[in-house]
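> What follows is a protein structure lacking sequence information:
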């Protein structure tokens, strides 16, 4: 990531540490922070339910412990800073291709359809899926945006859900949507059938071809998806 590269570069590391020290000199104030905790405690305590009072008190004690002497520990860390500290930073973000997804469906804008086919590979091997439904319609969350959903059962205990969002102005017959274009979102998720957080998230690159399309309710849609799935590497 950018933070790591800047820190490993000697001149930028020196500037970073100088700015860090300046913040400690001019902004950070242990006593002021502890006083603010005291002020908020007095303000909030009368409104804390009795059954959470102990947890509230414990949380404040933990916060005070973190703040007490914090400036001294930060300055000590700056004094011994070295390039090796980058080992503790977040690992570099790297996307690697892990599979492909090809799909096609026909239906009407704003309505789900079962007329869908899908072929998926993972690590060069077929990834068994049984397509269940596809949907193209208006986004409920973002104005002037159309979305495509593809849902399939897999041989695992998880369902595959593909989500693609793009400006409705691009929803025209014969159009080709580049999934890497700014303003376009495309991900594949592996989710439990009964709901819950995704257990796998994969970014999609490639194209969506709109053989028939119009962002009008009931308009016929015919779509093909030719995508590569990317995952965060080590």
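Yes, it's here. Worth saying up front: this structure is predicted, and the values here are computed from it rather than measured.

> drop to CA atoms for contacts and neighbour counts, all remaining ones
Will do.

> Can you give me the buried ones in the top helix by length along the chain?
Longest among the helix segments of the chain by residue count, using DSSP state H, is helix 10-26. Going by neighbour count (16 or more other C-alpha atoms under 10 Å), the buried part of helix 10-26 is 13, 21.

> Run the chain-centre distance for whichever helix or strand comes after that helix.
Using DSSP states H and E, the next helix or strand after helix 10-26 towards the C-terminus is helix 30-44. Computed by C-alpha atoms, centre = their mean, to the nearest Å, the separation of helix 30-44 from the middle of its chain amounts to 34 Å.

> any idea how far the residue of the chain most remote from its centre is from residue 40?
In the chain, the residue that sits farthest from the middle, by C-alpha atoms, centre = their mean, is residue 46; the gap is 38.2 Å. Here residue 46 is placed at a distance of 11 Å from residue 40 (C-alpha to C-alpha, to the nearest Å).

> likewise residue 227?
For residue 227, the distance to residue 40 - C-alpha to C-alpha - is 52 Å.

> If you count surrounding residues, which of these two has more?
Ranked by neighbour count (other C-alpha atoms under 10 Å), residue 227 and residue 40 place residue 227 first, with 21 against 12.

> what's residue 22 in contact with, if anything?
If a contact means C-alpha atoms under 8 Å, 6 or more residues apart in numbering, then residue 22 has no contacts.

> For it, give its distance to residue 13.
14 Å.

> swap in residue 179?
From residue 179 to residue 13 the distance is 36 Å (C-alpha to C-alpha).

> One more: residue 30?
25 Å.

> now do residue 20
When residue 20 is compared with residue 13 (using C-alpha to C-alpha), they lie 10 Å apart.

> Name whatever forms a beta bridge with the residue nearest the centre of the chain.
Nearest to the geometric centre of the chain sits residue 201, at 8.5 Å (C-alpha atoms, centre = their mean). On the basis of DSSP bridges, residue 201 takes part in beta bridges with residue 189.

> Find the nearest non-adjacent residue to residue 184, please.
Of all residues not flanking residue 184 in the chain, residue 166 sits nearest, at 4.6 Å (C-alpha to C-alpha, 6 or more residues apart in numbering).

> That neighbour: how many residues sit nearby?
24.

> what's near enough to touch it?
Counting by C-alpha under 8 Å, 6+ apart, residue 166 has contacts 145-147, 183-185.

> Take those and, keeping just the buried ones, write it as a PyMOL select command.
Buried members of these, defined by 16+ other C-alpha under 10 Å, are picked up in PyMOL with:
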select buried, resi 145+146+147+184+185
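
> Nearest to residue 55 among the contacts of residue 166?
Checking those against residue 55 with C-alpha to C-alpha, the nearest one is residue 185 at 40.9 Å.

> Report the separation between the closest one and residue 162.
Taken as C-alpha to C-alpha, the span from residue 185 to residue 162 is 11 Å.

> Which residues are in contact with residue 154?
Residue 154 touches 127-130, 160, counting by C-alpha under 8 Å, 6+ apart.

> what pairs with it across the strands?
residue 129.

> Tabulate the contacts of residue 166 (CSV), appending secondary structure.
Listed next are the contacts of residue 166 as CSV, based on DSSP: H, G, I helix; E, B strand; the rest coil:
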residue, secondary structure
145, strand
146, strand
147, strand
183, coil
184, coil
185, strand
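
> Break down this protein into its strands, ranges please.
95-108, 111-113, 116-122, 125-126, 129-138, 145-154, 159-167, 176-178, 185-191, 200-212, 220-232 (DSSP state E).

> For the longest one, name the packing helices and strands.
This points to strand 95-108. Other helices and strands packing on strand 95-108, by 3 or more C-alpha pairs under 8 Å, 6 or more residues apart in numbering; DSSP states H and E, are strand 111-113, strand 116-122, strand 129-138, strand 220-232.
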